[in-house]
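In: Make a model of this:
(one chain, ligands or ions: 11)
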Amino acid sequence: MYFFSSRAMLIGLLSTSSVQASTIDWEILNTTVQGRLHTAKPLASPCFSVYEGQPSPSDLASCTRIQKNYTSSDFRTQFYSGFSNSQDEICLARAADQCLLDNSVPTDVLAFGGNKSCGQGSVSPYYIDVQSVGDVQAAFNFASATGVSLSIKNSGHDYLGRSSLKGSLALWVRNLRDMSRNPAFVPEGCYGVEGTDTITTGAGVNSDEVYRFADQQNVTFVGGYATTIGVAGGWVQGGGHSVLSPVYGLGIDRTVQFKVVTPDGVFRVANSCQNQDLFWALKGGGGGTFGVVMEATHRVDPNTPLTVAYIKYSQNSANIGRWLEILVENGLQWAKQGWGGHYVASNIISVTPLLNLSEATASMEPAASFARSNNGSVVIEVLPSWYSFYIKYVIPNQAAVGTLRFLASRLIPASLLETTTGQAALLSFLNHLVAVGFSPYIPATAPYLFPYAANSTSATPAWRDSIWELGMGAGLAWNSTVAQRQATIDLQRNLTRMAEDLTPGGGSYFNEALPWTEDWRASWWGDNYPRLLEIKKSYDPHGLLKCWKCVGFEEQVANTSFPCFSAFGA
Ligand SMILES: Cc1cc2nc3c(=O)[nH]c(=O)nc-3n(C[C@H](O)[C@H](O)[C@H](O)COP(=O)(O)OP(=O)(O)OC[C@H]3O[C@@H](n4cnc5c(N)ncnc54)[C@H](O)[C@@H]3O)c2cc1C
Ligand SMILES: *[C@@H]1O[C@H](CO)[C@@H](O)[C@H](O)[C@H]1NC(C)=O
Ligand SMILES: *[C@@H]1O[C@H](CO)[C@@H](O)[C@H](O)[C@H]1NC(C)=O
Ligand SMILES: *[C@@H]1O[C@H](CO)[C@@H](O)[C@H](O)[C@H]1NC(C)=O
Ligand SMILES: *[C@@H]1O[C@H](CO)[C@@H](O)[C@H](O)[C@H]1NC(C)=O
Ligand SMILES: *[C@@H]1O[C@H](CO)[C@@H](O)[C@H](O)[C@H]1NC(C)=O
Ligand SMILES: *[C@@H]1O[C@H](CO)[C@@H](O)[C@H](O)[C@H]1NC(C)=O
Ligand SMILES: *[C@@H]1O[C@H](CO)[C@@H](O)[C@H](O)[C@H]1NC(C)=O
Ligand SMILES: *[C@@H]1O[C@H](CO)[C@@H](O)[C@H](O)[C@H]1NC(C)=O
Ligand SMILES: *[C@@H]1O[C@H](CO)[C@@H](O)[C@H](O)[C@H]1NC(C)=O
Ligand SMILES: *[C@@H]1O[C@H](CO)[C@@H](O)[C@H](O)[C@H]1NC(C)=O
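Out: Ligands and ions are numbered 1, 2, ... in the order given. Okay, the predicted model is just below:
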C-alpha cells in the first residue's frame, strides 16, 4: 500500500485542477513509478514567452521544429502533449486557456507573439510514461488517496476530449510498443478450442506500426484510415471501423483477448473464457472507462489482393447534387459487393476484396462515367495487399490533425437505401448539409457482410444493419471565439437531431459523434447501456475513470468535472 500525505483540497471551477496533491505526494508517486512521472506543458509552449501569465523564455530551436511539424500526426504522437485535435488540448470554454499555433501558417506570430500567454488548457500537468502494470496500479492508488482525477492518453486521436482532462494525472501508454504474431493463438484459460491467427499489440502500438509488421508477416490487419491511431486503445474499444470492415468486421469483431488493469488495481485477462463481462464491455463500451488496457490480441487474415476504385471529379454547386444522388442510388449495391471506402463530396476511394477488375469496373461505372463527364479521373486497379493500398491511398488521404474540428455523425441503415422514399429522404438531408455549408464525409465502413454473432460486442447494435457512417464534421479556426464555437456546435446539434429523425431507433459511432449528442446513451450503445453501466460499477465502484459521456457519466457532475465541454450544453 502507498500513503499520500495531503488531504484533497478543493479549488474553484475552471482552475488548473479541481483537486490537488502536495509536492511530497508527487515525489512519492514518482519513486513508485521509478522516475517515470513527468510534468507537461502544451506542445507549442516553446514558441511563447509567457506561460500561464508568467514570463517564461521561449526556445527558438524547439519552436521552429514544432512549427515545421505542427500538422504531422507522426510528430505529435511522439509526445505526451501532442494531441491530434485541438479540443483535447485546449479548454474549449475559455478562449484564453490555450496554447495553439495558427495551424494554417504555424509561423504566424499572431498566435504566440506580443507576450501572448500559453495556457495549460486540458493538457495534464503531470503524466506517467507507463511501462508496466505497476505504474498503472500506482496511479489508481494515488487517485484513490488524493482525489486527483485520471486520464488515459494513447495516440491522442480522440475527437471528444477524452484523452485529456484538465488538471488530471495522465497515463500515457504510447510507449507500450511490443508486437508479436501467433498463428495459433488460444485465449488464456480456454481449452480444446482451435487456435486463431493473431497479432498481439501493446497498448501504444499504432496503425502504421501494425500494418508494417503484419505485412512482414504476410497477413492483413484490419484497422483505421490513418497512420497513428492506437490499435488497442480508443479505436478498438469504441468499435473500430476500417474500409475492410464490410467484409472482415469491426475491430471489436476481431479482438480475441485484452489484458487490462481495472480500477480496483487488479491485472486481468479478459476473453471468451474468463472475465467475459469485461471482455464484452471492452468490445464497444469505449476507451478510458473499464480499465487501462495493456495489450490486445487481434485476429489477422491471409494477405489478399484488393480491388481499388479512386474516382474524383471537379465539384461545383451545379454538379454536386447528381454526385450525391449516385452515391445514394448505388450505395447498397456497392455494400453488397464488399466495397468499403470513404465517399466525400468530390471523390470516392473504395476497396473490395470480393470483385476482380472487370467486375469492379462495371460496378463503379455510374460514378466513373459521371466523373469522366465532369472533368474528373478514374482509377480502377488491383493492388497486391492491404499494405500497398495503405501506402498508396491511406497515407496521403488521412484526415488532417493539429486542428480544432468536431465531428458529428449517424449510422445509416441499409433499409433507408432499400426504398425510393428512403433514398429521397437521405438525399434531401445530404443536400441540406451542403446548403448549410457542410461537406458530407461518408465512411462506407459498416460491417454489412460480416456474419455477426448476436450480442458478441457491446457497441450499438445499429452497426449491424447499417452500411454507412454519415459524417458532418465542422472545423473551427485556431483563434475562434467561444461564441463561434457555440454557434458551430449548436448547428451540429441540430443536424444531429435531423439525422436521428431520419434514422429512428438507429445509432451512431461515438468515436466520431458530436460530443454534445443529447440522447447519447441510446444513440451510442442502444440496449447495451444498462448492462455496460453495471459492468462499469462492478470494476470501478469508486468512479476513478471518468470521461465526457463515457459509460457511467452523469449530467449532474458535468459542470464540475468537465467544465471545458459542459459550457456548450448537454
Ligand atoms: C485522423 C483520424 C482518423 C481516424 N480514422 C478512424 C478510422 O478509420 N476508423 C475509426 O474507427 N476511427 C477513426 N478515428 C477515430 C478514432 O478511432 C478515435 O479517435 C479513437 O478514440 C482513437 O483511439 P486512440 O487510443 O488512438 O486515441 P486516444 O485519443 O489516445 O484515446 C482515445 C480514448 O481511448 C482511451 N484509451 C486510449 N488508450 C487506452 C488504453 N490503453 N486503455 C484504456 N483506454 C484507453 C482514452 O482515454 C480516450 O478515452 C480517427 C481519428 C482521427 C483523428
Ligand atoms: C521523477 O524522477 C525522475 C528521475 O529521478 C526525474 O528525472 C523527474 O524529473 C521526476 N519527475 C518529476 C515530476 O519531478
Ligand atoms: C520536423 O520537420 C523537419 C522538417 O520538415 C524534419 O526534418 C524533422 O525530422 C521533423 N522532426 C521530427 C522530430 O519529426
Ligand atoms: C513583453 O514583456 C517584456 C517583459 O515582461 C517586455 O519587456 C516587452 O516589452 C513585452 N513585449 C511586448 C510586445 O509587449
Ligand atoms: C450480452 O452479453 C453480456 C456479456 O456476456 C451479458 O452480460 C448480457 O446479459 C448479454 N445481453 C443479452 C441481451 O443477451
Ligand atoms: C502470402 O500469403 C498469401 C495468402 O495466404 C500466399 O498466397 C502467398 O504465397 C504468401 N506470400 C509469401 C511470400 O509467403
Ligand atoms: C472476373 O470474374 C468473372 C466472374 O464473376 C469472370 O467471368 C471474369 O472472367 C473475371 N475477370 C477477370 C479479369 O479475371
Ligand atoms: C479540371 O480539373 C483540373 C485539375 O483536375 C482543374 O485544374 C481545372 O480547373 C478543372 N476544370 C474545370 C472546368 O473544372
Ligand atoms: C484569427 O487569425 C487569423 C489569422 O490566422 C486572423 O486573420 C483573424 O483576424 C483572427 N481572428 C480573430 C477573431 O482574432
Ligand atoms: C437549432 O434548432 C433550433 C430549434 O429547433 C433553432 O431555434 C436554432 O436556431 C437552430 N440553431 C442553429 C444554429 O441552426
Ligand atoms: C450546468 O451549467 C449550465 C450553464 O452553463 C446550466 O444551464 C445547467 O443547468 C448546469 N447543470 C447542472 C446539472 O448544474
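
In: Excluding chain neighbours, what is closest to G156?
Out: F83 (4.0 Å; C-beta to C-beta, 6 or more residues apart in numbering). Heads up, the C-betas are built off the backbone N, CA and C, glycines and all.

In: Surely that neighbour and R76 touch.
Out: Yes. Using C-beta atoms under 8 Å, F83 is in contact with R76, at 6.8 Å.

In: Overlap of the contact sets of these two?
Out: L43, G156 (C-beta atoms under 8 Å, 6 or more residues apart in numbering).

In: what bridges to T220?
Out: Per DSSP bridges, the residues bridged to T220 are D301.

In: Now for it: which residues touch it?
Out: A214, L244, Y248, V300, D301, P302, N303, T304, S385, W386.

In: who wins for most neighbours among the residues you listed?
Out: Neighbour count (other C-beta atoms under 10 Å) singles out W386 as the most crowded of the contacts of T220, with 28 neighbours.

In: out of everything not next to it in sequence, what's closest to the residue in the stretch 401-550 of the chain positioned nearest to ligand 1?
Out: Nearest residue of the stretch 401-550 of the chain to ligand 1, counting by C-beta to the nearest ligand atom: N511, 4.1 Å away. In space, and not counting its chain neighbours, N511 is closest to G238: 4.0 Å by C-beta to C-beta, 6+ apart.

In: Leaving out chain neighbours, which residue sits closest to the residue of the stretch 101-250 of the chain found nearest ligand 6?
Out: For the stretch 101-250 of the chain, the residue closest to ligand 6 is N218, as judged by C-beta to the nearest ligand atom, at 3.8 Å. What sits nearest to N218 in space, not counting adjacent residues and going by C-beta to C-beta, 6+ apart, is N303, at 5.2 Å.

In: any idea of the pLDDT on A8?
Out: Here, the pLDDT recorded for A8 equals 35.

In: and if you look at Y2?
Out: 39.

In: Would you check which of the contacts of T220 are in contact with ligand 3?
Out: Among the contacts of T220, no residue is within reach of ligand 3 (C-beta under 6 Å from any ligand atom).

In: wait, V205 sits on V231?
Out: Yes. Using C-beta under 8 Å, V205 makes contact with V231 at a distance of 5.7 Å.

In: quick one, which of the two is more surrounded?
Out: V231 (30 against 26).

In: give me the number of residues near I349?
Out: 22.

In: Assign it to helix, strand or coil.
Out: strand (DSSP: H, G, I helix; E, B strand; the rest coil).

In: Contact partners for it?
Out: Counting by C-beta under 8 Å, 6+ apart, I349 touches V308, A309, Y310, G341, H342, Y393, N397.

In: bridging residues for it?
Out: Bridge pairing for I349 (DSSP bridges) gives the partners Y310, H342.

In: dump the residue contacts of D102.
Out: Counting by C-beta under 8 Å, 6+ apart, D102 touches D108, L110, A111, W478, N479.

In: Next one: it relative to Y70, how far apart?
Out: 9 Å (C-beta to C-beta, to the nearest Å).

In: what's the answer for Q217, then?
Out: For Q217, the distance to Y70 - C-beta to C-beta - is 34 Å.

In: higher neighbour count, the two?
Out: Y70 (24 against 17).

In: Setting the sequence-adjacent residues aside, check what's closest to that one.
Out: Nearest non-adjacent residue to Y70 (C-beta to C-beta, 6+ apart): P106, at 4.1 Å.

In: A558 now?
Out: Per C-beta to C-beta, 6+ apart, closest to A558 is S566, 3.9 Å.

In: these two touch, right, that neighbour and E554?
Out: No. Contact criterion C-beta under 8 Å: S566 and E554 do not qualify, at 11.5 Å.

In: Neighbour count: these two, which is higher?
Out: The neighbour comparison of S566 against E554 (other C-beta under 10 Å) goes to S566, with 18 against 9.

In: hang on, the earlier thing: closest one of the contacts of D102 to ligand 5?
Out: When the contacts of D102 are compared against ligand 5 (criterion: C-beta to the nearest ligand atom), the nearest one is W478, at 43.5 Å.

In: Just to be sure, that closest one is in a helix?
Out: No. Counting by three-state DSSP, W478 is not part of a helix but coil.

In: count of neighbours near the nearest residue to it once chain neighbours are set aside?
Out: Excluding its sequence neighbours, the residue lying closest to W478 (C-beta to C-beta, 6+ apart) is L100, at 4.7 Å. Using other C-beta under 10 Å, the number of residues around L100 comes to 25.

In: follow-up on the earlier one: the residue nearest to N511: what's it in contact with?
Out: Here G238 is in contact with G284, G286, G287, A459, Y509, F510, N511 (C-beta under 8 Å, 6+ apart).

In: Over to E209?
Out: E209 is in contact with R177, M179, counting by C-beta under 8 Å, 6+ apart.

In: Could you measure from it over to A226?
Out: On the measure of C-beta to C-beta, E209 and A226 end up 12 Å apart.

In: hang on, P302 packs against A214?
Out: No. The criterion here is C-beta under 8 Å, and P302 misses it with A214 at 10.8 Å.

In: residue contacts, L491?
Out: Here L491 is in contact with V436, A474 (C-beta under 8 Å, 6+ apart).

In: quick one on the thing from earlier: now for the contacts of I349: which two are most distant?
Out: Taking C-beta to C-beta, the two most distant members of the contacts of I349 are A309 and N397; they sit 13.4 Å apart.

In: Which of the two has more residues huddled nearby?
Out: More crowded of A309 and N397, by other C-beta under 10 Å: A309, with 23 against 14.

In: host element of whichever residue of the stretch 1-150 of the chain sits closest to ligand 11?
Out: Here the residue of the stretch 1-150 of the chain nearest ligand 11 is A93; by C-beta to the nearest ligand atom that distance is 8.9 Å. Using DSSP states H and E, A93 falls within no helix or strand.

In: mind starting the numbering at 884 from now?
Out: Noted, 884 is the first residue going forward, which turns the last one into A976.

In: distance of it from R1368?
Out: In terms of C-beta to C-beta, A976 sits 8 Å off from R1368.

In: So between these two, which is more surrounded?
Out: R1368 (20 against 17).

In: Can the helix or strand hosting that one be said to contact ligand 9?
Out: Assigned by DSSP H and E, R1368 belongs to helix 1365-1385. No. Under the criterion of C-beta under 6 Å from any ligand atom, ligand 9 is not reached by helix 1365-1385; the shortest gap measures 8.0 Å.

In: Go through that helix and flag the buried ones.
Out: By 16 or more other C-beta atoms under 10 Å, the buried positions in helix 1365-1385 come out as R1368, Q1369, T1371, I1372, L1374, Q1375, R1376, L1378, T1379, A1382, E1383, L1385.

In: Pick out the most distant pair among the residues you listed.
Out: Top of the distance list for those (C-beta to C-beta): R1368 and L1385, 25.9 Å.

In: which one of the contacts of I1232 is nearest ligand 3?
Out: Nearest member of the contacts of I1232 to ligand 3, counting by C-beta to the nearest ligand atom, is N1280, at 20.1 Å.

In: In three-state terms, label W1351 for me.
Out: strand.

In: Tell me how many other residues crowd it.
Out: Neighbours of W1351 (other C-beta under 10 Å): 27.

In: thought the residue of the stretch 984-1133 of the chain closest to ligand 6 was touching T1187?
Out: No. Contact criterion C-beta under 8 Å: N1101 and T1187 do not qualify, at 10.6 Å.

In: Setting aside sequence neighbours, what's the nearest residue to the residue of the stretch 1034-1183 of the chain found nearest ligand 5?
Out: Proximity of the stretch 1034-1183 of the chain to ligand 5 (C-beta to the nearest ligand atom) peaks at W1163, 3.7 Å away. Leaving out its chain neighbours, the residue that sits closest to W1163 by C-beta to C-beta, 6+ apart is S1341, at 5.3 Å.
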